[in-house]
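Visitor: Structure for the following, please:
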Amino acid sequence: MIKWNVGMKIGTGFALALATLVAIGTVSYRNTNHLSETATWVEHTHQVLETLASVLTSMKDAETGQRGFLLTGEEPYLAPYLTARETIAREVVKLRSLTADNRDQQRRLDELAPLLDTKFSELEATISLRKNPAQGFDAALRVVRTGKGKQVMDDIRKVVNEMTAAEQGLLQTRSDEAQARMRGTRLTIIFGTLAAFVIMALVGFGIARNIGRPLQKISVFAERIGAGDLTANVTASSRTDEIGVLTNAFALMVGNLQSQTTDLKQGANVLGAAATQISASTSQFAASAEESAAAVIETTTTVEEVRQTAQAASQKARVVSDSAQKAAQISETSRKATKDSIEGVNRIRQQMELIAGSMVRLSEQSQAIERIVSTVENLAAQSNLLAVNAAIEAAKAGEQGKGFAVVAQEVKSLAEQSKQATSQVRTVLTDIQQATSAAVMASEQGSKAVEEGVQRSAEADQSIETLSRTVQDAARVATQIEASNRQQLVGVDQVASAMEDIKRTSALNVNSARELDTAANNLKDLGQKLKKLTAAYRL
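Guide: Okay, here's the model as predicted:
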């Protein structure tokens with residue numbers, strides 16, 4: 001079974017119209033050729049008729065010339081006669097050529113030729129008699145009166161008339177045939193044109209109904225879909241041609257568009273809700289990061305103050321150490337300067353009191369740093385938790401959340417760095433607290449030693465040796481205090497450096513939080529745009 005596609009249908013319709021036109025052209029061409037041949041034969045018949053008329057006219061001219069000469073005896077009157085003889089000879093040859101395909105006419109020419117010769121013989125005989133002076137006009141007149149010449153002339157007219165009638169009959173037949181062919185050609189053109197018109201009209205109607213209407217329906221559906229109306233229901237076609245394939249493809253496209261638009265609407269709603277939640281989370285995270293940054297700045301300021309205090313304590317410890325060394329030298333070089341020793345011991349007591357007060361303040365500040373470090377550690381843990389939540393939301397967002405996932409990873413990394421830094425600070429603070437406790441104990445021991453030095457200075461005269469040893473012990477303790485203060489200063493410097501790192505990390509956290517907030521807002525805007533786009537389609 002042949003599958004008729006659109007091209008075959010259109011081609012078949014036009015092929016029928018073309019075949020009709022070719023048939024009209026073929027018939028018209030054949031009739032035209034026949035008309036041309038008929039016209040040629042008509043012209044041929046006219047030539048034969050003209051030649052036959054010329055033969056009769058020439059014979060009359062010959063008789064006229066003969067009669068003129070017989071009457072006058074003058075040679076110029078023979079001119080028509082002479083011309084007629086030459087003309088008739090040519091015309092007979094021409095007639096034989098023109099009627100070569102007509103046996104009847106050839107037969108009549110065979111009858112006519114002897115008659116013409118007989119007539120010219122008779123004319124020539126009378127002319128000869130008239131030229132003879134002995135015989136003259138009377139002799140020629142007697143020949144004419146015999147009637148022989150008239151009989152021959154009548155026979156010639158009879159044969160020529162028969163030939164003329166035959167040619168006129170052929171002329172009438174060919175004329176009638178030409179008229180019939182002209183009428184046939186005219187009818188062929190008229191009815192063929194009407195048939196071609198009817199075929200073209202039927203073909204056009206069939207194409208419009210079989211092809212135009214389905215295409216018009218598809219165009220209407222396409223306009224509705226272009227306007228955002230996806231409620232159009234395109235029915236699948238059972239046709240196997242291009243129109244059927246196009247209709248089925250269009251129906252499949254509409255179904256896919258409806259399904260994809262529904263999924264897109266659902267995705268836009270989910271994306272909008274997730275974007276709103278992420279935006280709220282990132283706003284809270286940004287606020288927390290800014291609070292953490294402010295706390296870190298305060299902690300850094302406090303650590304800087306502690307560092308300055310430790311530097312002052314170190315300087316004072318160095319002064320105490322120098323004083324103890326001088327006291328030892330004085331006790332060694334001169335035991336006589338008891339009063340000076342007492343005064344030196346009093347100064348040592350005052351310095352030890354200052355040291356003890358500084359150690360107490362340092363211990364208190366270390367505890368404050370401990371609380372700040374705990375706060376920073378909590379902020380780092382909260383930042384890490386927010387980063388994990390942000391990474392989860394970014395994974396839900398899919399392709400659009402890749403940039404947000406990178407930012408969340410950076411926030412998580414910064415939180416881990418903050419956690420490590422706070423751990424280091426905690427370790428340093430532990431060392432500082434231990435060193436501070438040792439310094440406090442040493443300060444207490446120094447204070448006791450100074451008290452003993454005061455008592456023994458009052459009894460300087462009694463026990464200078466004991467004073468010297470006590471001064472040396474105080475010098476060693478001062479040296480230890482100085483060493484402890486140096487270690488404390490190093491620890492405080494490390495704490496200050498760590499707090500600077502935490503400060504920079506917090507600043508990065510704030511910037512990351514702001515970037516997260518911006519990305520979340522952009523994601524939220526994207527969700528709103530997707531909702532607007534999908535809202536334009538009616539399902």
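Visitor: Show me where the chain has its strands.
Guide: Under the criterion DSSP state E, the chain contains no strands.
Visitor: Name the residue most distant from the centre of it?
Guide: Note on the chain: the largest C-alpha distance from the chain mean falls to A134, namely 123.9 Å (Cα atoms, centre = their mean).
Visitor: for it, what are its contacts?
Guide: A134 makes no contacts at all, as judged by Cβ atoms under 8 Å, 6 or more residues apart in numbering. Heads up, the C-betas are built off the backbone N, CA and C, glycines and all.
Visitor: for it, phi and psi?
Guide: In terms of degrees, to the nearest 10, the main-chain angles of A134 are phi -70, psi -40.
Visitor: show me where the stretch 51-200 of the chain has helices.
Guide: 79-98, 103-131, 136-145, 148-207 (DSSP state H, counting those that start in this stretch).
Visitor: Mean pLDDT lowest where, among those?
Guide: Mean pLDDT is lowest for helix 136-145 among these, at a mean of 82.
Visitor: Next, the angle helix 148-207 makes with it.
Guide: Relative orientation of helix 136-145 versus helix 148-207 (axes from the mean of the first three to the mean of the last three Cα atoms, to 10 degrees): 50 degrees.
Visitor: Just the pLDDT for the nearest residue to E500 once chain neighbours are set aside.
Guide: Counting by Cβ to Cβ, 6 or more residues apart in numbering, the nearest residue to E500 once its immediate chain neighbours are dropped is T300, at 6.5 Å. Per-residue confidence (pLDDT) for T300: 74.
Visitor: For K60, which residues are in contact?
Guide: Listed by Cβ under 8 Å, 6+ apart, the contact set of K60 is empty.
Visitor: Distance of it relative to G11?
Guide: 72 Å (Cβ to Cβ, to the nearest Å).
Visitor: what about the helices of the stretch 51-200 of the chain, which gets the closest to S288?
Guide: helix 148-207 (74.2 Å; Cβ to Cβ).
Visitor: isn't the residue nearest to E500 right up against M499?
Guide: Yes: counting by Cβ atoms under 8 Å, M499 is a contact partner of T300 at 4.3 Å.
Visitor: Please say which of these two ends up with more neighbours.
Guide: Each of T300 and M499 has its neighbours counted (other Cβ atoms under 10 Å); M499 has more, 28 against 20.
Visitor: The more buried one touches E298, doesn't it?
Guide: No: counting by Cβ under 8 Å, M499 sits too far from E298 to count as a contact (10.1 Å).
Visitor: if I look at the two, which residues touch both of them?
Guide: With Cβ under 8 Å, 6+ apart as the test, M499 and E298 reach no residue in common.
Visitor: how about the helices in this structure?
Guide: Under the criterion DSSP state H, helices of the chain are mapped to 6-72, 79-98, 103-131, 136-145, 148-207, 213-226, 242-333, 338-397, 402-458, 464-535.
Visitor: For R186, see how far away P214 is.
Guide: 42 Å.
Visitor: The two: which is more packed in?
Guide: Using other Cβ under 10 Å, the more surrounded residue of P214 and R186 is P214, with 17 against 12.
Visitor: roughly how far apart are the nearest residue to the more buried one once chain neighbours are set aside and G212?
Guide: Nearest non-adjacent residue to P214, counting by Cβ to Cβ, 6+ apart: I243, 4.8 Å away. I243 sits 10 Å away from G212, going by Cβ to Cβ.
Visitor: So which of those two has more stuff around it?
Guide: I243 (20 against 14).
Visitor: Point me to the residue sitting closest to the centre of the protein.
Guide: Residue closest to the average C-alpha location in the chain (Cα atoms, centre = their mean): G226, at 17.9 Å.
Visitor: Kindly state the pLDDT recorded for I348?
Guide: At I348, the pLDDT value in this model is 62.
Visitor: Equivalent analysis for Q433, please.
Guide: Looking at Q433, its pLDDT stands at 73.
Visitor: That one: neighbour count?
Guide: Counted with other Cβ under 10 Å, the neighbours of Q433 add up to 18.
Visitor: How about the one 5 residues further on?
Guide: A438 has 17 neighbours, counted by other Cβ under 10 Å.
Visitor: what's the spacing between it and Q487?
Guide: Per Cβ to Cβ, A438 is found 9 Å from Q487.
Visitor: do the same with V152
Guide: To Q487, V152 is 176 Å away according to Cβ to Cβ.
Visitor: With neighbour numbers in mind, choose between the two.
Guide: Between V152 and Q487, counting by other Cβ under 10 Å, V152 is the more crowded of the two (21 against 18).
Visitor: Could you double-check that the more buried one lies in contact with T118?
Guide: Yes: using Cβ under 8 Å, V152 makes contact with T118 at a distance of 5.0 Å.
Visitor: what domains does the record give for the protein?
Guide: 6-199, 278-526 (automatic domain parsing).
Visitor: Any chance of JSON lines for the ones you listed, columns distance to Q260?
Guide: Formatted as JSON lines, the domains of the chain follow (distance: least, Cβ to Cβ, whole Å):
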{"stretch": "domain 6-199", "distance to Q260": "30"}
{"stretch": "domain 278-526", "distance to Q260": "16"}
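Visitor: between the ones you listed, which gets the lowest average pLDDT?
Guide: domain 278-526 (a mean of 72).
Visitor: circling back: contacting residues around the residue nearest to P214?
Guide: 6, 210-211, 214-215, 237.
Visitor: Buried among those residues? Need that as a selection in PyMOL.
Guide: A single PyMOL command selects the buried members of these (16 or more other Cβ atoms under 10 Å):
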select buried, resi 6+210+211+214+237
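Visitor: tell me which of the contacts of I243 is nearest to E377?
Guide: Closest to E377, out of all of these and judged by Cβ to Cβ, is S237, at 71.8 Å.
Visitor: Tell me who's in contact with the closest one.
Guide: So S237 contacts 214, 243-244, 247-248 (Cβ under 8 Å, 6+ apart).
Visitor: quick one, phi/psi of it?
Guide: Main-chain dihedrals, S237, degrees, to the nearest 10: phi -100, psi 150.
Visitor: any idea how far it is from L215?
Guide: S237 is 12 Å from L215, by Cβ to Cβ.
Visitor: Also T240?
Guide: The gap separating T240 from L215 is 17 Å, by Cβ to Cβ.
Visitor: what do you get for R486?
Guide: Computed as Cβ to Cβ, the R486 to L215 distance reads 97 Å.
Visitor: for G267, same thing?
Guide: Distance of G267 to L215, computed by Cβ to Cβ: 35 Å.
Visitor: now Q365
Guide: Q365 sits at a distance of 89 Å from L215 (criterion: Cβ to Cβ).
Visitor: One more: K131?
Guide: K131 is 103 Å from L215, where distance means Cβ to Cβ.
Visitor: same thing with T57?
Guide: Counting by Cβ to Cβ, the gap from T57 to L215 is 79 Å.
Visitor: Brilliant, that's me finished.
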